[in-house]
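A.B. asks: Build me a model:
(one chain, ligands or ions: 2)
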Amino acid sequence: MYHCAGNATNKIDVFQAQLMGCKNTLAGRKVKASQYTILVDLADGKRALAYNTQTTAFAVLDEDEKRAYRALEADGPSDCSGALDTLWATGFLVPEGEDEVEHLKAEYWSQRDSESTISLTIAPTLGCNVACHYCFQGLVKPNGKMSEEVQDEIVRYVRHRARSSQSLDVCWYGGEPLMDQKAIFRLSKAFHEVCQIHGLNYSASMVSNGYLLNKSTAERLLEVGVGMVQITIDGTETAHDINRPLISGRGTYTRTIQNMKEVLAGTAFRIGVRCNVGIHNVDSMYALLDEMADEGFADFGNFSMYFAQIEATTDACADAGEVMLTKKDFNSRLQDLEARARAYGLSGMDSPPRFMGLCVAASTNGLVIGPEGQLHKCWETLHDEAKQIGTIFEINKLDDDIRKKRWAAWDPFDNPTCRSCKIAPMCSGFCALKFLYPETMEGDSALPCPPWKFSAAEKIFAMAESAGAVTPNDWDPEQATMKKMQAGPWQTHKSMELSRDIVNAIVMPGGA
Ligand code: SF4
Ligand code: SF4
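C.D. replies: Numbering: from 1, shown residues only. Ligands and ions are numbered 1, 2, ... in the order given. This is a model prediction of the structure:
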């Protein structure tokens, strides 16, 4: 067995098991294949890559090991000997009778209910200087800014929670958050003071269109603890400026790129570029990558970029539905785009994620706060009063709100497709909004499964290739995830209905 990377880190104590072997750790019990092991056969027909999404064990299996693993999958639990001994010791098997899903669910809920981090997404304004065609808020946005009264109430809330927490994590959001810098700097100063008094760690990031983020603003943000920003670039200048013009109609590309270069060269500020991909701009993404490479972005250690699918997730999403790719089409293009970005050094090999679905909305104590103190669970519902769960001025009433209760009642492990999913340790439902409010979403936008589900085999192969364990010739096209579905079936509109019924039954027993 060739170990691709020493990244086995958790849950089943792989290294402990390795030292002890089957005999000592299993005390005569049989072993079974772990639900979370994914096998990808290699082109020689003999070896296979194995990756376990729970233990993060990763290896190239030789012919004997692969045969032993396949037999275990087909025939059920077996005594642990021969090749199985190695597979057990490296984290691809579990003891017979172990309920891996319940084990994972317990770990998920302990993180979801944790009070150790105060997680806040704050939109000081919903106003924006850019008019993106697919914006979830629609094109007409309120311009109000956050009053000092609202700010003081937020600080009061943080102070209250600080006594039982270890860290404060803030994400500045909008609208365009830099349209209300006064609130950002005033609140940041107050947060620092609270964190200092109560010994909390403080971290902050921002989602911005980048148009106002020049070097001096970035320096000031760094001083108040904002160390990272996500900026969206939607293709080369022509494609980007059609999608993301200023409200006046002028383009934003040139200034945004110029800002990014200045900030990256002159500060330690980290910039993650998100490229929203749709039917209209997917082809221009290659030209964008060429351009970013030519402009020298790969030389900045504080720069990275990634691709995301344009989705119509709210009924205000302007023309997103018209330019949206299907999940299958997006994911079949994604591999190629990611490979090109890596080849240019514009992005690295991502480490496999953990519990992606534990966003601010799913976290029991996470809150999204709007400019008037309106409270939400999800940042995509901020514009929608019907989905508001309360107000910062009446925070004690929050737990009585029926919409808040629906968020709290949602559990990805109630859903059979998530329960049987091989990447549940990475994903955990991905996006609660899609389970709870699918009625405002168009087509595939209502489906949650992330790219890993559609390209698990390709991603595992790319990880092995970057570790030097395989070469491109080892890839067997028959292993394409879209064909073999190695991570299990993906969610459909039908398979998600059950989750909604369960949530409604919990929140409104008897349909009251
Ligand atoms: S079925 Fe889809 S949403 Fe559920 S855990 Fe798996 S990948 Fe995530
Ligand atoms: S529920 Fe979905 S859209 Fe809302 S914050 Fe979480 S991941 Fe984002």
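A.B. asks: which residues touch residue 254?
C.D. replies: Contact partners of residue 254, counting by Cβ atoms under 8 Å, 6 or more residues apart in numbering, are residue 237. Quick note: C-beta positions are derived from backbone N, CA and C, even for glycine.
A.B. asks: quick one: which helix or strand includes it?
C.D. replies: Using DSSP states H and E, residue 254 maps to helix 253-266.
A.B. asks: got the buried residues for that helix?
C.D. replies: Neighbour-count burial for helix 253-266, with 16 or more other Cβ atoms under 10 Å as criterion, is recorded at 253, 255, 256, 257, 259, 260, 261, 263, 264.
A.B. asks: repeat for stretch 28-35
C.D. replies: 30, 31, 32, 33, 34, 35.
A.B. asks: got a list of contacts for that stretch?
C.D. replies: 22, 52, 54-55, 69, 72-73, 76-80, 84, 88, 91-98, 100-101, 420, 422.
A.B. asks: ok so, going back, next one: the helix holding residue 254 to chain centre, how far?
C.D. replies: Averaging C-alpha positions (Cα atoms, centre = their mean, to the nearest Å) puts helix 253-266 26 Å from its chain's average.
A.B. asks: Downstream of it, the next helix or strand is which one?
C.D. replies: Using DSSP H and E, the first helix or strand after helix 253-266 is strand 270-277.
A.B. asks: Just want the angle from the helix or strand that that next one is followed by to strand 270-277.
C.D. replies: Proceeding C-terminally, strand 270-277 gives way to helix 284-294 as the next helix or strand, assigned by DSSP H and E. Per axes from the mean of the first three to the mean of the last three Cα atoms, to 10 degrees, the angle that helix 284-294 makes with strand 270-277 is 160 degrees.
A.B. asks: tell me what helix 284-294 is packed against?
C.D. replies: In terms of contacts (3 or more Cβ pairs under 8 Å, 6 or more residues apart in numbering; DSSP states H and E), helix 284-294 is packed against helix 237-243, strand 270-277, helix 327-344.
A.B. asks: quick one: which of those is nearest residue 122?
C.D. replies: Among these, strand 270-277 comes nearest to residue 122, with 19.0 Å by Cβ to Cβ.
A.B. asks: What are the buried residues along the closest one?
C.D. replies: 270, 271, 272, 273, 275, 276, 277.
A.B. asks: and it with ligand 2, contact?
C.D. replies: No: using Cβ under 6 Å from any ligand atom, strand 270-277 stays clear of ligand 2, coming no nearer than 12.9 Å.
A.B. asks: just checking, what packs against the helix or strand hosting residue 462?
C.D. replies: Here residue 462, judged by DSSP H and E, is contained in helix 451-466. The elements that helix 451-466 packs onto, with contact taken as 3+ Cβ pairs under 8 Å, 6+ apart, are strand 37-41, strand 48-52, strand 58-61, helix 327-344, helix 424-427, helix 481-484.
A.B. asks: at 6 Å instead, please
C.D. replies: Counting contacts by 3 or more Cβ pairs under 6 Å, 6 or more residues apart in numbering; DSSP states H and E, helix 451-466 packs against strand 37-41, strand 48-52, helix 327-344, helix 481-484.
A.B. asks: List only buried entries from the contacts of stretch 28-35.
C.D. replies: By 16+ other Cβ under 10 Å, the contacts of stretch 28-35 give 22, 52, 54-55, 69, 72, 77-78, 80, 84, 88, 91-95, 98, 100-101, 422 as buried.
A.B. asks: and ligand 2, which of the contacts of stretch 28-35 reach it?
C.D. replies: Of these, not one also sits near ligand 2 (Cβ under 6 Å from any ligand atom).
A.B. asks: Strands - which of those residues land there?
C.D. replies: Within these, residues falling in strands by DSSP state E are 52, 93, 94, 95.
A.B. asks: Nearest to residue 445 among these?
C.D. replies: Closest approach to residue 445 among the ones in strands among the contacts of stretch 28-35 (Cβ to Cβ): residue 52, at 31.0 Å.
A.B. asks: tell me the pLDDT at the closest one?
C.D. replies: Looking at residue 52, its pLDDT is 97.
A.B. asks: Pull the number of nearby residues for the closest residue to it other than its chain neighbours.
C.D. replies: Once flanking residues are discounted, residue 52 sits nearest to residue 37: 4.7 Å by Cβ to Cβ, 6 or more residues apart in numbering. Neighbourhood size, residue 37 [other Cβ atoms under 10 Å]: 22.
A.B. asks: ok, residue 37 to ligand 2 distance?
C.D. replies: 27 Å (Cβ to the nearest ligand atom, to the nearest Å).
A.B. asks: Also residue 238?
C.D. replies: Distance of residue 238 to ligand 2, computed by Cβ to the nearest ligand atom: 29 Å.
A.B. asks: quick one: that residue from residue 90, how far?
C.D. replies: 50 Å (Cβ to Cβ, to the nearest Å).
A.B. asks: Who has more neighbours out of these two?
C.D. replies: Using other Cβ under 10 Å as the criterion, residue 238 and residue 90 rank with residue 90 on top: 24 against 13.
A.B. asks: Let me know the pLDDT of that one.
C.D. replies: For residue 90, the pLDDT comes out at 91.
A.B. asks: which residues does it contact?
C.D. replies: For residue 90, the contact set (Cβ atoms under 6 Å, 6 or more residues apart in numbering) comprises 57, 59.
A.B. asks: Give me the phi and psi for it.
C.D. replies: Residue 90 adopts backbone torsions of phi -100, psi 0, taken as degrees, to the nearest 10.
A.B. asks: which one is residue 409 nearest to, not counting chain neighbours?
C.D. replies: Distances taken as Cβ to Cβ, 6+ apart place residue 506 nearest to residue 409, at 4.1 Å, with adjacent residues excluded.
A.B. asks: Run a quick neighbour tally on that neighbour.
C.D. replies: Applying other Cβ under 10 Å, I find that residue 506 has 15 neighbouring residues.
A.B. asks: Double-check that it belongs to a helix.
C.D. replies: Yes: when DSSP: H, G, I helix; E, B strand; the rest coil is applied, residue 506 is found to be in a helix.
A.B. asks: what stretches of the chain score poorly on pLDDT?
C.D. replies: The chain contains residues with pLDDT under 70 at 2-21, 23, 134-141, 314-319, 510-512.
A.B. asks: need the residues of it near ligand 1, please.
C.D. replies: With Cβ under 6 Å from any ligand atom as the criterion, the chain meets ligand 1 at residues 412, 417-418, 421, 423-424, 427-430, 448-449, 453, 490-491.
A.B. asks: Please indicate which of these are buried?
C.D. replies: Counted by 16+ other Cβ under 10 Å, the residues of the chain next to ligand 1 give 412, 417-418, 421, 423-424, 427-430, 448-449, 453, 490-491 as buried.
A.B. asks: Which residue ranges of the stretch 1-150 of the chain form helices?
C.D. replies: 14-26, 63-75, 83-89, 100-112, 148-162 (DSSP state H, counting those that start in this stretch).
A.B. asks: Show me what the last one packs onto, helices and strands only.
C.D. replies: Using 3+ Cβ pairs under 6 Å, 6+ apart as the contact definition, the elements that helix 148-162 packs against are helix 181-198.
A.B. asks: Having no further points to raise, I will conclude here.
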